[in-house]
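1. pasting a predicted model and its sequence here:
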Amino acid sequence: MTILPSTYIGSPRHMHEYAQDAMSYVRHYGTADLFITFTCNPQWIEIKQELFSGQSPIDRHDITARVFRQKLKSLMDFIVKHNVFGETRCWMYSVEWQKRGLPHEHILIWLVEKIRPNEVDAVISAEIPNVQVDPGLHEVVIKNMIHGPCGTLNQNSPCMIDGKCSKRYPRTFISETITGNDGYPLYRRRSTADNGKSTIVKLNQQDIEIDNRWIVPYSPILSKTFKAHINVESCHSVKSIKYICKYVTKGSDMAVIGIGAENSNDEVTQYQMGRYVSSNEAVWRIFSFPIHERHPSVVHLNYFLFTTPYYRVTVLFRRFFLNT
């Protein structure tokens, strides 16, 4: 029997240990306060200025990986060291890749001071900003934080499954932020009749009016600073742990290929499982950039209890090492 140890990144044992370490955060500190998804923007000036003439970001995955790594470190310092949302108790993140190769990061943040329901609107917005008040933020939100459009406006959108949007857009108009049933609040989304804003976007060479129902929740300060798709959610559900560690049960991206000899009547088909690794993920691993990081550290302590000379029981403990 050949196995991959937990020290091999991406192996089943590594994924299971990573999920158990994450749950130890929940046992000690409760559920996370913020769930942030940070997606690479190939139009960043730091990427475009390093390209040769005639090149596009898809031609230089090494530049994309390096710039995203630096942006990722800057984002974590912005949140943890500068205390943008308040003092941070602990954090963890996981880097994943889209099929087209762009990396994105899922971050869980535990805060010392919890975000109260009446403070959500000051941290997270799901509305189009006023172009007269903040034109810079308005431009970033229009370019990066509009979902779709999908549904009746675009049936060919990737989020459409069985004729419905898998992300539940468009959302309903709400005059005030309220607590949801799934651990995520229902953010304020005012209609144009209730002082809400709208804008015009092009879809299939047609002008379409977009209102607050199509806006992905974001943090104004993060969006203005990093000019990318940064989805910020106030979450109080353990499902966020399962989502960030979903590859424990889902497994890595796979491609299944059927192999058969010519003129063979054998009805038993042999399949070979091939792991799908995009170019950017391959470059990320070549550079030895971390895929998972967390703080504080979770160290596994093994205690061996000998009951008989031929029988041994191993008890696994997880212990935090805090910088205090």
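-> Okay, I see it.

2. can you map out the helices along the stretch 51-200 of the chain?
-> Along the stretch 51-200 of the chain, the segments classed as helices by DSSP state H, counting those that start in this stretch run 61-80, 120-123, 135-144.

3. just send the ones you listed back as TSV, with mean pLDDT, distance to Phe289 and mean neighbour count too.
-> Bear in mind the C-beta positions are built from the backbone N, C-alpha and C, glycine included. Output for those, formatted as TSV (pLDDT from 0 to 100; distance: least, C-beta to C-beta, whole Å; neighbours: other C-beta atoms under 10 Å):
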stretch	mean pLDDT	distance to Phe289	mean neighbour count
helix 61-80	95	5	18
helix 120-123	91	29	15
helix 135-144	93	23	17
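
4. show the pLDDT at the residue minimising distance to the centre of the chain.
-> Central residue of the chain (C-alpha atoms, centre = their mean): His106, 2.9 Å from the mean position. Per-residue confidence (pLDDT) for His106: 90.

5. beta partners for it?
-> Thr37, Ser94 (DSSP bridges).

6. to Asp207, which of the helices of the stretch 51-200 of the chain lies closest?
-> Proximity to Asp207 (C-beta to C-beta) singles out helix 135-144 among the helices of the stretch 51-200 of the chain, at 13.5 Å.

7. counting contacts, what elements does the closest one pack onto?
-> The contact analysis (3 or more C-beta pairs under 8 Å, 6 or more residues apart in numbering; DSSP states H and E) places helix 135-144 against helix 220-226.

8. give the next helix or strand downstream of the helix it packs on.
-> The C-terminal neighbour of helix 220-226 among helices and strands, as given by DSSP states H and E, is strand 230-234.

9. distance between stretch 61-73 and the chain's centre?
-> How far stretch 61-73 lies from its chain's middle: 16 Å, per C-alpha atoms, centre = their mean, to the nearest Å.

10. and the contacts of that stretch?
-> Stretch 61-73 is contacted by residues 38, 40, 42, 44, 46-47, 50-51, 57, 93, 95, 101-103, 105, 226, 228, 279-280, 282-284, 287, 289 when judged by C-beta atoms under 8 Å, 6 or more residues apart in numbering.

11. got it, and stretch 112-128?
-> Contact partners of stretch 112-128, identified using C-beta under 8 Å, 6+ apart, comprise 33-34, 85-89, 138, 141-142, 171, 177, 179, 185, 187-190, 196-199, 210-212, 215-220, 232-234.

12. please save the CA atoms from it in PDB.
-> C-alpha atoms of stretch 112-128 as PDB (Å, rounded to 0.1, in the frame of the first residue of the first chain):
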ATOM      1  CA  VAL A 112     -11.100  40.400  19.400                       C
ATOM      2  CA  GLU A 113     -14.100  42.700  19.300                       C
ATOM      3  CA  LYS A 114     -17.000  41.100  17.400                       C
ATOM      4  CA  ILE A 115     -18.800  43.200  14.800                       C
ATOM      5  CA  ARG A 116     -22.200  44.100  16.200                       C
ATOM      6  CA  PRO A 117     -25.300  44.000  14.000                       C
ATOM      7  CA  ASN A 118     -25.600  47.800  14.000                       C
ATOM      8  CA  GLU A 119     -21.900  48.100  12.800                       C
ATOM      9  CA  VAL A 120     -22.200  45.900   9.700                       C
ATOM     10  CA  ASP A 121     -23.100  48.700   7.400                       C
ATOM     11  CA  ALA A 122     -20.000  50.600   8.400                       C
ATOM     12  CA  VAL A 123     -17.800  47.700   7.400                       C
ATOM     13  CA  ILE A 124     -19.600  46.000   4.500                       C
ATOM     14  CA  SER A 125     -21.600  47.500   1.700                       C
ATOM     15  CA  ALA A 126     -23.700  45.900  -1.000                       C
ATOM     16  CA  GLU A 127     -24.700  49.100  -2.800                       C
ATOM     17  CA  ILE A 128     -23.500  51.200  -5.700                       C
END
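
13. okay, buried residues for that stretch please.
-> For stretch 112-128, the neighbour count (16 or more other C-beta atoms under 10 Å) marks 115, 120, 123-128 as buried.

14. one more: stretch 282-302?
-> Under the neighbour-count criterion of 16+ other C-beta under 10 Å, stretch 282-302 has 283-284, 291-292, 294, 298 buried.

15. could you do stretch 165-178 as well?
-> 165, 169-171, 173-174, 177.
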